[in-house]
Structure formats: C-alpha cells, structure tokens
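Participant: Predicted model and sequence follow; I will ask about them next.
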Amino acid sequence: MRTSVRRIARSCVAVAFAGVFALTTAAPAQADALDVTCTGTVSTTLSPGLTLTPQSITTTNNFVYNPCTSTDPNLSSGQYSLTFTAVFSCLSPMDSGSGTKRILWNTGQFSDFAFNSTTSTVGGQFVVVRTGVITGGQFQGNTAVETTVGPSLDLLACAVPPGITSRSSVTTLEITSL
C-alpha cells in the first residue's frame, strides 16, 4: 500500500513540475493585430468612354468603405475619391504601379496609404491588389492591403460608341498593426 501512495505522490510531483514548466516556457508569437477591416464598393466614371483606341480619359474613382470593423469603436466607414487623366484604352488598361491615397474615416480622422499595386485577370474578373503602409494619420506605421475586384472589360462594349463610361467593383481593405 505504501508503494502505491509513493507512486501517486511521485506522479503528483511530476505533474506539478510539468505544469510549472509549461507556465514558464515562452508563449508562441501572436499574430499581427487587425486594426481595421472594411468591405465596400468602387464606382468609376470615364469621360470620354473607354474604347479600343488609346485616348486621354478623365477617370473618377469613388471608394466607399462600409461597413468597417475596427479597434477604434467609433470607426464604422470611410471614403476616398480620386480624379485623374491618362491615356489608355480597352486594349491597354491601367498598369500596375505605385501611389498614395488619403482615406477619410467617419470619425473625422484620416489614414494616408502609400501602396504598390498589381493588376491581373483571374477567373474572368479584373483584380487590383494594393499593398503598402499607412504613412500618416490614424494607424500610421501599420501595413495595409486593399483588393478590388470587378468584371473584366467587355470588348464588344469597347467597340461601340460611347465605349465604357462607368464601372462598378467591390473592394476589401485591411489595416494591420505589426
């Protein structure tokens, strides 16, 4: 009987040491924290319309991020607008590149997003991925990824005047602290 008590006592001591050891070993590294995640839409107007012939086109993009979830409990939506003029056509759409955008949040705060973008066609969809860093304002220093997906260009619509004068896409934005 004494041997059984000793074995049980030794087992309890071993379990206690194992528990202490488990508590003192380093915890695994935590994943980066997601500070903002938004879904939304992008409305684009083109004037004159996008055709098969390269021409100077004024493009206005309106990004609406809604809804958003954030570590800031007051942040629920955002927006960004850009108007620019460039020469392109349905056969030579906008290329990948770099840029900056100032996202205006519903709280009155802003985030400046410096990014590199890549464009591709995946499964009949036009995909733009912007990756970069928040360089100013709320969430400064955090990384950001925005993915915009819309239908590929309809070449038949490009061939008939006035061409493509508007487009709609969906977008997701994630801002992550390091």
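Facilitator: Nice, thanks for sending it over.
Participant: Every contact and neighbour count from this point should use C-alpha atoms.
Facilitator: Noted.
Participant: just how off-centre is the helix or strand where residue 49 lies within its chain?
Facilitator: Element membership for residue 49 (DSSP states H and E) is strand 33-50. Its chain's C-alpha centre and that of strand 33-50 lie 11 Å apart, by C-alpha atoms, centre = their mean, to the nearest Å.
Participant: Strand partners (parallel or antiparallel) of that strand?
Facilitator: Paired neighbours of strand 33-50 in the sheet (DSSP bridges): strand 55-70 (antiparallel), strand 164-177 (antiparallel).
Participant: could you give the mean pLDDT of the shortest one?
Facilitator: The reference is to strand 164-177. For strand 164-177, the mean pLDDT works out to 97.
Participant: so where is this protein shaky, pLDDT-wise?
Facilitator: 1-31, 95 (pLDDT under 70).
Participant: can you pull out the strands in it?
Facilitator: In the chain, the strands defined using DSSP state E lie at 33-50, 55-70, 78-88, 97-105, 110-122, 125-137, 143-151, 164-177.
Participant: Any chance of a markdown table for the ones you listed, columns mean neighbour count?
Facilitator: Shown next, in a markdown table, are the strands of the chain (neighbours: other C-alpha atoms under 10 Å):
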| stretch | mean neighbour count |
| --- | --- |
| strand 33-50 | 19 |
| strand 55-70 | 18 |
| strand 78-88 | 15 |
| strand 97-105 | 16 |
| strand 110-122 | 18 |
| strand 125-137 | 19 |
| strand 143-151 | 20 |
| strand 164-177 | 18 |
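Participant: close enough to count as contact, residue 137 and residue 112?
Facilitator: Yes - counting by C-alpha atoms under 8 Å, residue 137 touches residue 112, with 6.3 Å between them.
Participant: tell me the angle of the strand holding residue 49 relative to strand 78-88?
Facilitator: 40 degrees (axes from the mean of the first three to the mean of the last three C-alpha atoms, to 10 degrees).
Participant: send the alpha carbons of strand 33-50 over as PDB?
Facilitator: Written as PDB, here are the backbone C-alpha positions of strand 33-50 (Å, rounded to 0.1, in the frame of the first residue of the first chain):
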ATOM      1  CA  ALA A  33      -3.400  42.600 -34.900                       C
ATOM      2  CA  LEU A  34      -6.100  43.500 -37.400                       C
ATOM      3  CA  ASP A  35      -6.900  47.200 -36.700                       C
ATOM      4  CA  VAL A  36      -9.400  47.800 -39.400                       C
ATOM      5  CA  THR A  37     -11.200  45.600 -41.900                       C
ATOM      6  CA  CYS A  38     -13.700  47.100 -44.400                       C
ATOM      7  CA  THR A  39     -15.700  45.900 -47.300                       C
ATOM      8  CA  GLY A  40     -17.100  48.300 -49.800                       C
ATOM      9  CA  THR A  41     -17.700  49.500 -53.400                       C
ATOM     10  CA  VAL A  42     -15.900  51.400 -56.100                       C
ATOM     11  CA  SER A  43     -17.800  53.500 -58.600                       C
ATOM     12  CA  THR A  44     -15.800  54.600 -61.600                       C
ATOM     13  CA  THR A  45     -16.800  57.000 -64.400                       C
ATOM     14  CA  LEU A  46     -14.700  57.500 -67.500                       C
ATOM     15  CA  SER A  47     -15.000  60.500 -69.900                       C
ATOM     16  CA  PRO A  48     -14.900  60.100 -72.800                       C
ATOM     17  CA  GLY A  49     -15.700  56.400 -72.600                       C
ATOM     18  CA  LEU A  50     -13.100  53.700 -72.800                       C
END
